[in-house]
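Asks: Quick one: sequence and predicted model below, then my questions.
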Amino acid sequence: MINPLVSIIIPVYNRGHFIAETLQSIYNQSYSNWECIIVDDHSIDNTKLVVEGFCKTDKRFKYLIRPDDLIKGANSCRNYGFAKTNGDYVQWFDSDDLMYSTLLQEKIEALELNKSLNFCVCQMDFFIDKDNSRKITRTSNIKHNKLFEDYISGKIEIGTQTVLWRRQILLKESLFDEHITQSQDLEFNSRLFFKHKKGAVINKALIGYRIAEDSISSDYLKNIEKHYKSFLEVRRRIINYDKNNLIVNEAVIKSVLTVLRSGLAIKNYAISDEVIEFINKNNNDKSLHFKWGLLKIKTAYFIIKNLKFGETRFKKYFKI
């Protein structure tokens, strides 16, 4: 088998305490024909020192800094990193996660055996470090019947870092939207999965996903005022990919109701108002059951908003 070059792209910001273990897991790969592009989003900790140590040891590691004329954020770093790659395959990765030793080898073998496949996806373990011990809390499910529907409805769980893409596919598409501050992986994956459904599935965990307290994905509800517009915009795009797909429609509407509940919980009614407006404009399910469920929610919202209550005491009224 020919050993094609794999380009690994890692955006990083203030991960000096984690990234050494991440880069070591890449260094330990059984598959050796790779390059790793680390793009620093102007860290102010010891990230640069740690990464440059790996670069001096192994020339396959390359350290770049996001140019000042690009928007700050992981999306800009990913896009900039991609422009500097040479690989036949592209593996996005995060600066605090871990590659198990056979990740690249198993994915490459799967795609080289079938040239008609666009990507390869694997499972990931979710782990947490606490009290000097490491615990795997769960492993993602990726078995699916309809990739796009199952992904949007949450039946399967695919992270940006769990997918190895053929470079030729990514060259045909826009990459990461640099103006989105939340749900970046959902926006990117859903857009590509809707168009490119043929992929290999490795039904075992080849990645360790670190559950970190300071990650945007884990605390977006705490920062709902900062991220909710991106959250809603991504879901609007997803519905519009296939307006007649009621499975996707229902999944999206249920997900945006979490933002409505969060807005009410902090008594920010402007946020919840935008969710109601979103539902009015974007819901395509005209079934009696769904219409009745939404009517009850809107009625409950009107009452609670005018009484200036928080939502937490009335949570059951805001679910379908």
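Replies: Structure received.

Asks: I'd say residue 122 and residue 205 touch.
Replies: Yes: counting by C-beta atoms under 8 Å, residue 122 touches residue 205, with 7.0 Å between them. In short, each C-beta sits where N, CA and C put it, glycine included.

Asks: The two - which one has more neighbours?
Replies: Counted by other C-beta atoms under 10 Å, residue 122 and residue 205 do not tie: residue 122 has more neighbours, with 25 against 19.

Asks: Doesn't the more buried one lie inside a strand?
Replies: Yes: if the criterion is DSSP: H, G, I helix; E, B strand; the rest coil, then residue 122 is within a strand.

Asks: can you give me the strands for the stretch 101-250 of the chain?
Replies: Taking DSSP state E, counting those that start in this stretch as the criterion, the stretch 101-250 of the chain contains strands spanning 119-130, 133-139, 163-166, 199-210.

Asks: out of those strands, nearest to residue 78?
Replies: Evaluated over the strands of the stretch 101-250 of the chain, closeness to residue 78 peaks at strand 163-166, with 12.1 Å, by C-beta to C-beta.

Asks: Relative to the closest one, what are the paired strands and their orientations?
Replies: Its sheet considered, strand 163-166 pairs with strand 89-92 (antiparallel), strand 119-130 (antiparallel) by DSSP bridges.

Asks: From the chain's centroid, how far away is that strand?
Replies: 14 Å (C-alpha atoms, centre = their mean, to the nearest Å).

Asks: Contacts only, for the closest residue to residue 100 other than its chain neighbours.
Replies: Nearest non-adjacent residue to residue 100, counting by C-beta to C-beta, 6 or more residues apart in numbering: residue 206, 4.8 Å away. Contact analysis of residue 206 by C-beta atoms under 8 Å, 6 or more residues apart in numbering lists 99-100, 102-103, 106-107, 122-124.

Asks: and if we set it to 6 Å?
Replies: Contacts for residue 206 (C-beta atoms under 6 Å, 6 or more residues apart in numbering) come out as 100, 103, 122.

Asks: close enough to count as contact, the last one and residue 203?
Replies: Put plainly, it is residue 122. No: using C-beta atoms under 6 Å, residue 122 makes no contact with residue 203, being 7.9 Å away.

Asks: So which of the strands of the stretch 101-250 of the chain is nearest residue 113?
Replies: Nearest to residue 113, of all the strands of the stretch 101-250 of the chain, is strand 199-210, at 8.3 Å by C-beta to C-beta.

Asks: Let's see the closest one as CSV, backbone CA atoms only.
Replies: Taking Å, rounded to 0.1, in the frame of the first residue of the first chain, the C-alpha atoms of strand 199-210 are listed here in CSV:
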residue,chain,number,x,y,z
GLY,A,199,-17.6,7.2,4.5
ALA,A,200,-15.9,4.4,6.3
VAL,A,201,-16.8,3.7,9.9
ILE,A,202,-14.4,2.3,12.4
ASN,A,203,-16.6,1.2,15.3
LYS,A,204,-14.1,1.5,18.1
ALA,A,205,-12.6,4.4,20.0
LEU,A,206,-9.3,5.7,18.5
ILE,A,207,-9.5,9.2,20.1
GLY,A,208,-9.6,10.4,23.7
TYR,A,209,-11.7,13.5,24.1
ARG,A,210,-10.7,15.5,27.2
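
Asks: tilt between that strand and strand 119-130?
Replies: Here strand 199-210 runs at an angle of 20 degrees relative to strand 119-130 (axes from the mean of the first three to the mean of the last three C-alpha atoms, to 10 degrees).

Asks: average pLDDT across strand 199-210?
Replies: Averaging pLDDT along strand 199-210 yields 97.

Asks: Just send the contacts of residue 206 back as TSV, with distance to residue 11 and pLDDT too.
Replies: Output for the contacts of residue 206, formatted as TSV (distance: C-beta to C-beta, whole Å; pLDDT from 0 to 100):
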residue	distance to residue 11	pLDDT
100	21	98
103	19	98
122	21	98
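
Asks: Turn the residues you listed into CSV, columns for distance to residue 112.
Replies: Below are the contacts of residue 206 laid out as CSV (distance: C-beta to C-beta, whole Å):
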residue, distance to residue 112
100, 19
103, 15
122, 16
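
Asks: thinking again about what came up before, tell me the spacing between the residue nearest to residue 100 and residue 140.
Replies: From residue 206 across to residue 140, the span is 11 Å (C-beta to C-beta, to the nearest Å).

Asks: who touches both of those two?
Replies: Between them, residue 206 and residue 140 share no contacting residue, judged by C-beta under 6 Å, 6+ apart.

Asks: Show the pLDDT at the closest residue to residue 233 other than its chain neighbours.
Replies: Distance criterion C-beta to C-beta, 6+ apart; nearest residue to residue 233, sequence neighbours excluded, is residue 180 at 6.9 Å. At residue 180, the model reports a pLDDT of 93.
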